[in-house]
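Trainee: predicted model follows, preceded by the sequence.
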Amino acid sequence: MVLAVNDEPPVDPKNWFHRALVGLHELTRIPSPLLAGILLGVACAAGALWYAATRAFGTDADTRSLPEAGIAAGLCALFLAVDWAWLAALPRWKVSFGPVKPPLVALLPVRLVASLLPLAARAVGLPPTWSALAGALPHLLLSGVIVYATYYEPFRLGVTYIELETPKLARGQRVRLVQLSDLHVERVTRRERALVDAVNALDADHVLLTGDYLNFSYIGEARAIADVRQVLGRLSAREGIYAVRGTHQVDPNALLPVLFDELPVRWLRNEHLTVGHDGHRVTFAGASCTRRRDIDVPAVERALAGAPEDAYTVLLYHTPDLVPEAASGGADLYLAGHTHGGQIRLPWYGALITATDVGKRYEMGRYDVDGLTLYVSRGVGMEGMAAPRARFLCPPEIVCIDVTGI
């Protein structure tokens, strides 16, 4: 199946992540008084579970189980109220612009577990009142993580430097490529302003954009479109700026001409372009992403077909799902994004979710496969709809790749 430029395929029914984001966004419809009642119910559940557990210990301090349970319930209610206030403050502070209620609901079971963790102290004989007051420690730690993940790490924008060598360029010749992926612009914040300054300071020969320009929550909104255009319009490269579409739910074909209109951005639509560099050539091939193999495999093959074999060939495709096809098609470098590096990562485990067909196999960073170099960017922005506007152990990145001839 070949996708015409102006057609849009249906969402793949196997794309559970997309369906989950859309479905969970319905939580924004919960009336605030009802949500407040749910929060109080969770706090009461924390107290009831504490009471039942301490009574089960069967010690001579059982008469103090009820006050302990009250402390546990009160702490849970207090910190849930703080969570609500914090999430509501982020848009007012122009930090992020996501919904409040879905991430707040997601925090309910986490706060409940945090309320019960100090039972371990109770079990080893810590005085009852002290063990209950110790219940504040897990809550404080969790609050620290929330503040860090929503207020600090999303703005820890860094540059990742990669050096590659190729015989397809003259010895010592260098071509600098700068990749940006998953901008997911909601509004221009201090992250986007820093992004433009950092990219332009790199003095790139080519800036390469690998999709997902708007945030999923703001598709088609005039303010968001204007802000994306402001960011893209300020980027500079000595030779050119090339772009591909990301997932079609975020980057519909009808919208990209509006984003790129009159900007110095070349949109590659299942095609390639070869440019000269001091007697040598570099090919940029770009394929549109639909997350459907029956459409995207032919798109990648079409983009790479006919590319000069003596030219260093860079494939731009939004996800890392098509490594075998990129390698067999003659690509030297494959630039992707989409995974956000997981956006939320755990120590020693990494990404919780990558939303790709290959799972954690290519979750972020550099991979060398069958003569092909793949780089999967952590991206710049954050997922939209019901997803929390947070990053943890996964800061945003600009990728700077120096390709040098040997």
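Mentor: Done, it's in.
Trainee: show me what the longest helix seen in the chain is packed against.
Mentor: Once the chain is assigned using DSSP state H, the helix that runs over the most residues is helix 65-92. Using 3 or more Cβ pairs under 8 Å, 6 or more residues apart in numbering; DSSP states H and E as the contact criterion, the neighbours of helix 65-92 among helices and strands are helix 32-57, helix 101-116, helix 128-133, helix 136-147. C-betas here are computed from N, CA, C, even on glycine.
Trainee: chain center to the helix or strand F17 falls within: distance?
Mentor: In this assignment (DSSP states H and E), F17 forms part of helix 16-24. Average the C-alpha atoms of helix 16-24, do the same for its chain, and the two points are 15 Å apart (Cα atoms, centre = their mean, to the nearest Å).
Trainee: in CSV, list the C-alpha atoms belonging to that helix.
Mentor: What follows is helix 16-24, C-alpha atoms only, in CSV (Å, rounded to 0.1, in the frame of the first residue of the first chain):
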residue,chain,number,x,y,z
TRP,A,16,-2.4,0.9,22.4
PHE,A,17,-0.3,3.9,23.6
HIS,A,18,-2.2,6.3,21.4
ARG,A,19,-5.5,4.9,22.5
ALA,A,20,-4.5,5.1,26.1
LEU,A,21,-3.5,8.7,25.9
VAL,A,22,-6.8,9.6,24.3
GLY,A,23,-8.8,7.5,26.6
LEU,A,24,-7.2,8.7,29.8
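Trainee: show me what counts as buried in it.
Mentor: 18, 21, 24 (16 or more other Cβ atoms under 10 Å).
Trainee: in this structure the last one contacts P102, no?
Mentor: Think L24. Yes: in this structure, L24 is within contact of P102 by Cβ atoms under 8 Å, at 5.2 Å.
Trainee: residues shared between the contacts of the two?
Mentor: Counting by Cβ atoms under 8 Å, 6 or more residues apart in numbering, the shared contacts of L24 and P102 are A386.
Trainee: check contacts around the most centrally placed residue in the chain.
Mentor: For the chain, the residue nearest the mean C-alpha position is H340 (3.4 Å; Cα atoms, centre = their mean). Taking Cβ under 8 Å, 6+ apart as the definition of contact, the neighbours of H340 are 182, 378-379, 382-383, 391, 394.
Trainee: against S65, how distant is it?
Mentor: Distance check for H340 against S65: by Cβ to Cβ, to the nearest Å, it reads 45 Å.
Trainee: what helix or strand is P324 on?
Mentor: With DSSP H and E as criterion, P324 is part of helix 323-328.
Trainee: buried ones in that helix, by neighbour count?
Mentor: In terms of neighbour count (16+ other Cβ under 10 Å), helix 323-328 has its buried residues at 323, 325-327.
Trainee: try stretch 199-206
Mentor: Counting neighbours by 16+ other Cβ under 10 Å, one finds that the buried residues in stretch 199-206 are 199, 202, 204-206.
Trainee: I'd like the helices and strands packed on helix 65-92 as a markdown table, with distance to V275, mean neighbour count and mean pLDDT appended.
Mentor: As requested, these are arranged in a markdown table below (distance: least, Cβ to Cβ, whole Å; neighbours: other Cβ atoms under 10 Å; pLDDT from 0 to 100):
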| stretch | distance to V275 | mean neighbour count | mean pLDDT |
| --- | --- | --- | --- |
| helix 32-57 | 55 | 16 | 91 |
| helix 101-116 | 44 | 19 | 96 |
| helix 128-133 | 66 | 19 | 61 |
| helix 136-147 | 46 | 16 | 95 |
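Trainee: name the residues that touch the strand ranked longest in the chain?
Mentor: Within the chain, and with DSSP state E defining each element, the longest strand by residue count is strand 158-171. The set of residues that contact strand 158-171 without belonging to it, under Cβ under 8 Å, 6+ apart, is 175, 198, 202, 277-282, 310-312, 332-333, 366, 373, 375, 395-406.
Trainee: how about a cut-off of 6 Å?
Mentor: Applying Cβ atoms under 6 Å, 6 or more residues apart in numbering, the external contacts of strand 158-171 come out as 280, 312, 397-406.
Trainee: how far away is M382 from S217?
Mentor: Counting by Cβ to Cβ, the gap from M382 to S217 is 10 Å.
Trainee: between those two, which one's more packed in?
Mentor: Neighbour totals were compared for M382 and S217, and M382 leads with 24 against 21 (other Cβ atoms under 10 Å).
Trainee: who are the contact partners of the more buried one?
Mentor: Contacts of M382 (Cβ under 6 Å, 6+ apart): 184, 389.
Trainee: just use 38 as the starting number from now, easier for me
Mentor: Okay, residue one is now 38; in that scheme the one you just asked about reads as M419.
Trainee: how much space separates it from L389?
Mentor: The spacing between M419 and L389, counted by Cβ to Cβ, is 14 Å.
Trainee: do the same with L179
Mentor: Going from L179 to L389 by Cβ to Cβ gives 16 Å.
Trainee: same question, A261
Mentor: Summarising the geometry, the distance separating A261 from L389, computed by Cβ to Cβ, is 27 Å.
Trainee: quick one, which of these two is more surrounded?
Mentor: Neighbour comparison, A261 and L389: the larger count goes to A261, with 21 against 13 (by other Cβ under 10 Å).
Trainee: can you pull the contacts of the more buried one?
Mentor: Taking Cβ under 6 Å, 6+ apart as the contact definition, A261 lies against 251, 255.
Trainee: how about the helix or strand containing it: buried residues?
Mentor: Assigned by DSSP H and E, A261 belongs to helix 259-271. Taking 16+ other Cβ under 10 Å as the neighbour-count basis, helix 259-271 is seen to contain the buried residues 261-262, 264-266, 268-269.
Trainee: ok, residues contacting whichever helix or strand comes after it?
Mentor: Where DSSP H and E defines the elements, the next helix or strand beyond helix 259-271 is strand 277-280. Strand 277-280 is contacted by residues 243-246, 301-305, 321 when judged by Cβ under 6 Å, 6+ apart.
Trainee: at 7 Å what do you get?
Mentor: With Cβ atoms under 7 Å, 6 or more residues apart in numbering as the contact definition, strand 277-280 has outside contacts at 243-246, 272, 297, 301-305, 312, 321, 323, 353.
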